[in-house]
Each structure stands twice: as C-alpha cells, then as structure tokens.
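J.: Pasting the sequence and the predicted model now:
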Amino acid sequence: MKKTTRISASLPSDLLARFDRISSGAGQRNRSSAIAAAMREYISGKKWMDESGDLSGALLITYDHDARGINDALTDAQHAVGKMISASMHVHLDKHRCLEMIAVRGGAEKIKELARSFSGMKGIMDVRVVAASD
C-alpha cells in the first residue's frame, strides 16, 4: 500500500465550492480523492515540459484574430517548422476569438520551442500543449 501524506492548503472559498460541486458531480468519493485526481491530471497535462526525445500531441492556441498580423504570424511559424506539423484546424469561437489546433510530432525540445514562440505573440490568449499518452 502506498504511503499517504496529509496536507493543508489555503484556497479561496468560491474556488473550493466550485471544486467540490464539480468533483461530486464527477462521482468522486470524497475531496481527498478528487484532489488526488486533479493533481494527476495537472501532472499529466504538464508532463510534456519534462519530455525529451520524440513527442506527439497537439498545440491548442486561443487568440484574438483582430490582433494586427496574428494570422500571418501563426501561418509563418507553422511553415517554419515544416514536417513537424501533421495537420491543423481553425475554429471560430466567437466574433473575435479563434482556436487553432495544430497536430505535432517531433523532437520535444522543438515542440517546446514552437509553443514558446506562439506564447510570445501579440494577440495570443492561451497556448496549451497536449501530449499523446505513452
């Protein structure tokens, strides 16, 4: 049996209430198991940051399409990495926001570099890397 460690955390009450409501609706037995599941999901979502070697996954980029030059900058960045991109899809979220989903495969360091380059562009609201499971 794995050793259990008791922790304490200070959280805004509204955040905890939302967490409890969502975790209960998701069928979690109790707050401790919900927090453990949330921690596993967080680690899984960020594991790509520690990866080396080859990686497959997707970049999810939310951006303001009204930002000057953003569409050209996104296209130029994708063309610059060539074969690392398998496919991309553009989704209109609302009148001003778009989501670009880019399927990537290649060296983890190159994918991290590409994600960082998108993050630094004016008009980018969020960049997420979703690594495919091993």
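T.: Great, that's in hand. Everything numeric here is computed off the predicted structure, so don't read it as measured data. Residues are numbered from 1 along each chain as shown.
J.: Report the contact partners of Glu100.
T.: Glu100 sits next to Leu59, Leu60, Ile61, Tyr63, Leu74, Ser88, Met89, His90, Val91 when contact means C-beta atoms under 8 Å, 6 or more residues apart in numbering. For the C-beta atoms, the positions are set from N, CA and C on the backbone; glycine is no exception.
J.: in the helix or strand where Lys46 lies, what's buried?
T.: Element membership of Lys46 [criterion: DSSP states H and E] is helix 31-46. Neighbour counts using 16 or more other C-beta atoms under 10 Å place Ala34 of helix 31-46 among the buried residues.
J.: Check whether Met125 really touches Leu60, as I assumed.
T.: No - counting by C-beta atoms under 8 Å, Met125 stays clear of Leu60, with 10.9 Å between them.
J.: quick one, which of these two is more surrounded?
T.: Counted by other C-beta atoms under 10 Å, Met125 and Leu60 do not tie: Leu60 has more neighbours, with 16 against 13.
J.: Work out for me the element the more buried one sits within.
T.: Here Leu60 is assigned to strand 54-64, by DSSP H and E.
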